[in-house]
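> next input, structure requested:
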Amino acid sequence: MLKTRVITVLLLLLPFLAALFYLPVQGWALLVLLITAYAAKEWARLAQMRKSDELLFVIAVIASCLVLIPVLKLFDKVPADDLSLAIYAVSLAFWLLAAPLWLIYKWRLNKSWLALSGLLVLAAAWLALVQLREIAALLILWLLSVVWVADTAAYFCGKKFGKRKLAPDISPGKTLEGVYGAFFAVSVYAIAIIAINGNHNVSAFGKAIPAYLLLAAHWFITGLSIVGDLFESLLKRQAGVKDSGTILPGHGGVLDRIDGLISTLPAMAFFIFYGP
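The predicted structure follows:
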């Protein structure tokens, strides 16, 4: 299983990095839209939609993203405008308030609410990937790397030391020790970045970021990625499936691979665009 996961990552990593750094903005937006559309198909499956409704949902997600291109002038340079702020703010509220409550009470919402939630979550993640890349491709890579470090550390620490279940009714394989390992690993990652910079302020993307704020950002990203992971696990459990799909050997579906990203990317975009 682990070998298959590693091989899949290695096969996808080089094409992804090439696209991230070398595709023009239009090509990047289209590529991310194709991934988002497939994720929408899987979301519809988890929401247990009928085939006709599944198609309508995928079309709605694609249409929502395409509408944002001329409205937000996405192919021009950022900064983002008030509509972007509203999208990111609502997405942030969803992941900080609605999703945790959803997890605590294990709500079983009807297909309409699940469709609206999916539309918001997926469109906001797509928008963040397009807009943040216009600042710097390295910014996207950094955000992804934090989630990957946290996810990898949680996996191995959980396997090695895991005893206490994090949410046994939602995801029996996740443990508190895995969570501790994730936070420890991203802390080391942040400290390494600070040490390499050799200063109390890390200079990145035209801003001087205090070391404590960078460390807090790593913790925040890690916490949100765990919420995203658990949220998708809850949807899978309620749908009675192990994985959201089968397209990625060793990982399952697209949502299984990006569940920790769809919760973190819009949040980071919110703070990067509109924070201090």
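
> okay, now the unreliable bits of the chain?
Counting by pLDDT under 70, the chain has low-confidence residues at 1-3, 5-6, 77-80, 199-207, 250-251, 276.

> longest helix anywhere in it?
For the chain, the helix reaching the highest residue count under DSSP state H is reported as helix 211-239.

> neighbouring contacts of whichever helix or strand comes after that helix?
Sequence order places helix 254-262 as the next helix or strand after helix 211-239, per DSSP states H and E. For helix 254-262, the surrounding residues in contact (CB atoms under 8 Å, 6 or more residues apart in numbering) are 35, 38-39, 42-43, 46, 121-122, 124-125, 143-144, 147, 150-151, 224-226, 228-229, 231-233, 243-245, 247-248, 251. C-beta coordinates here come from the backbone N, C-alpha and C atoms, glycine included.

> drop anything exposed from these.
If you count burial by 16 or more other CB atoms under 10 Å, the buried members of the contacts of helix 254-262 come out as 35, 38-39, 42-43, 46, 121-122, 124-125, 143-144, 147, 150-151, 224-226, 228-229, 231-233, 244-245, 247-248, 251.

> which ones are touching Asp243?
Contacts for Asp243 (CB under 8 Å, 6+ apart) come out as 236, 251-253, 256.

> that one and Phe183, how far apart?
Plainly put, Asp243 is 26 Å away from Phe183 if you go by CB to CB, to the nearest Å.

> any idea how far the residue most central in space within the chain lies from Phe156?
In the chain, the centroid-proximal residue (CA atoms, centre = their mean) is Leu261; its distance is 1.1 Å. Leu261 is 20 Å from Phe156, where distance means CB to CB.

> quick one: the helices in the chain?
In chain order, the chain shows helices spanning 2-22, 25-46, 51-72, 82-93, 99-105, 111-135, 137-161, 176-197, 211-239, 254-262, 265-274, with DSSP H as the criterion.
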